[in-house]
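K.L.:
Based on what follows, work out the 3D shape:
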Amino acid sequence: MTTMVWVAGWLALLMAHHAVDANSYFNRLLLHSRIRGRSEGPNMCAVQEMEGTEKRYFSSCKTWYRKKICNVPTMVKFECCPGYMKVVGEKGCPAIAPLTNIFSTLEALEASKSRDLVARAGLRAELEMPKAMTMFAPSDAAWAQLDEATRNGLTGSKLKDALRNHMVDKRLLLSDMRHGATLRSQNADGTINVQHYVNGIVTVNCARVLRPNYLATNGVVHLVDRVIAPLTRSVRDILETTESLGTLKAAATAADLMEELEQKGSFTLLAPTNEAFERLPKDVLTRILGDPEALKAVINNHILESVQCSEAVLGNSVVDSREGSPTTLGCEGGEFRINGLSSVAQRDLVATNGVVHTIGDVLIPDSAKTVMELADSAGVTNFVDMFAEAGLMKSLKPGVDYTLLAPNNEATDA
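P.N.:
Next up is the predicted model:
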């Protein structure tokens with residue numbers, strides 16, 4: 001009987017949730033976290049902390065049963081769900097957190113550094129005024145991640161501008177910010193791009209929202225895991241101004257794809273470094289650079305038609321490239337991986353129209369390979385060796401389509 005009551009209660013909660021917001025990935029995540037935390041008292045949420053780090057995530061069904069995030073074991077902890085607080089002598093978090101202004105709310109959110117910087121910049125009065133606004137407040141750890149030179153340079157007008165990058169002149173809950181939305185920050189022409197992911201992660205300019213929807217008398221505060229930089233460059237601008245991407249820039253120019261990299265949109269460029277191109281066999285690189293169709297296929301295989309921020313990756317997921325080939329995004333501990341390779345050099349170079357990750361490997365799709373390269377990548381190495389020993393390599397002429405029926409190694413070893 002108890003089990004039936006529990007199931008009925010769970011279904012009622014689920015139905016109520018879907019009635020409110022059927023399309024919110026984050027709300028579904030928070031619902032699961034609340035269900036897992038219910039044994040600890042009212043309004044308790046289960047979070048999972050990666051061992052050896054301070055990184056916490058609301059518990060999802062997948063991470064709860066796997067007990068791992070990015071293949072790192074997790075410890076389950078419990079905390080008040082957003083908007084609630086503990087009461088001395090009572091179990092869980094039975095009380096609704098009292099509303100104060102945004103400036104005072106920062107301290108309750110473990111954003112005391114943001115609060116101190118707001119005061120130093122002379123913006124305290126603005127965050128106490130009775131007007132509607134939203135602040136994406138970097139956590140104390142986020143400010144500590146900045147290098148010393150950057151931290152020391154945040155003075156006067158630079159500090160004020162840096163803080164205004166995190167402020168929007170509207171009261172916006174997560175449910176008010178649709179996937180792909182672009183928000184105008186208070187810093188001149190600054191913009192904040194919002195991404196919702198199916199695993200419940202929400203990012204703003206690739207900063208992960210840690211604690212959302214803390215209401216204030218004059219707006220709302222969302223705690224984020226990094227300091228948000230202003231978006232001033234397109235994906236093309238990043239490609240053109242990054243010295244380590246010179247070969248990719250030349251290849252994209254030759255493929256007539258540079259203009260597409262500055263158009264409006266939301267996409268991800270997995271950008272091979274110069275060293276990545278140098279590691280290709282010379283004959284393969286020469287062939288690709290001399291074949292316009294193969295070159296275009298290779299470049300398009302590094303473009304994803306969505307913004308994929310590294311902080312949204314908690315395990316392996318597959319996304320098709322613009323060329324059409326599947327690309328696996330994954331993580332291993334603190335490493336962000338592409339197709340299982342630990343090859344991401346720089347991550348989350350955020351642009352006005354997407355994001356760039358520099359990688360140490362060139363991702364060559366099947367459509368840009370010769371039949372013998374396909375045979376080699378398929379693992380039929382005995383056949384490839386016999387084909388070469390028979391002197392047949394020169395019989396495969398460029399620009400001609402072939403079909404090879406290649407026996408696997410087990411067949412040739414028999």
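
K.L.:
residue ranges for the helices of the stretch 201-350 of the chain, please.
P.N.:
235-241, 246-254, 274-278, 282-289, 292-300 (DSSP state H, counting those that start in this stretch).

K.L.:
Arg171: which of those helices is closest?
P.N.:
helix 235-241 (31.5 Å; Cβ to Cβ). From N, CA and C alone the C-beta is placed, and that goes for glycine too.

K.L.:
what sits up against the closest one?
P.N.:
The contact list for helix 235-241 (Cβ atoms under 8 Å, 6 or more residues apart in numbering) reads 233, 245, 248-249, 252, 258-259, 261-262, 267, 269, 271, 349, 351, 353-356.

K.L.:
again, only using 10 Å
P.N.:
For helix 235-241, the external contacting residues (Cβ atoms under 10 Å, 6 or more residues apart in numbering) are 233-234, 245-246, 248-249, 252-253, 257-263, 265, 267-269, 271, 303, 346, 349-356, 358.

K.L.:
Just the pLDDT at the residue nearest the centre of the chain, thanks.
P.N.:
Nearest residue to the geometric centre of the chain (Cα atoms, centre = their mean): Cys309, 1.9 Å. pLDDT for Cys309: 97.

K.L.:
Could you do Thr3 as well?
P.N.:
Residue-level pLDDT assigned to Thr3 equals 44.

K.L.:
now swap in Leu109 and tell me
P.N.:
85.

K.L.:
Now the closest residue to Met50 other than its chain neighbours: phi and psi?
P.N.:
Nearest non-adjacent residue to Met50, counting by Cβ to Cβ, 6 or more residues apart in numbering: Val72, 4.6 Å away. The phi and psi values for Val72, taken as degrees, to the nearest 10, are phi -110, psi 130.

K.L.:
repeat for the one 3 residues further on
P.N.:
When quoted as degrees, to the nearest 10, the phi and psi of Met75 stand at phi -110, psi 130.

K.L.:
Over to Arg322?
P.N.:
According to degrees, to the nearest 10, Arg322 has phi -60, psi -30.

K.L.:
so how many other residues sit close to it?
P.N.:
Neighbour count for Arg322, taken as other Cβ atoms under 10 Å: 17.

K.L.:
pretty sure it is touching Ile303, no?
P.N.:
Yes - judged on Cβ atoms under 10 Å, Arg322 makes contact with Ile303 at a distance of 4.2 Å.

K.L.:
so what sits against both of the two?
P.N.:
Counting by Cβ under 10 Å, 6+ apart, the residues touching both Arg322 and Ile303 are Leu257, Glu260, Phe267, Thr268.

K.L.:
Show me which of those residues is closest to Cys61.
P.N.:
Distances from Cys61 to the shared contacts of Arg322 and Ile303, taken as Cβ to Cβ, are shortest for Thr268 (26.4 Å).

K.L.:
isn't the closest one right up against Ile359?
P.N.:
No - applying Cβ under 10 Å as the test, Thr268 and Ile359 come out as separate, 11.1 Å apart.

K.L.:
what touches both of these two?
P.N.:
With Cβ under 10 Å, 6+ apart, Thr268 and Ile359 have common neighbours His302.

K.L.:
Which parts of the stretch 301-414 of the chain are strands?
P.N.:
Applying DSSP state E, counting those that start in this stretch to the stretch 301-414 of the chain gives strands spanning 303-304, 317-320, 326-332, 335-338, 344-351, 354-359.

K.L.:
out of the ones you listed, nearest to Lys55?
P.N.:
Using Cβ to Cβ, the strands of the stretch 301-414 of the chain put strand 326-332 closest to Lys55, at 11.2 Å.
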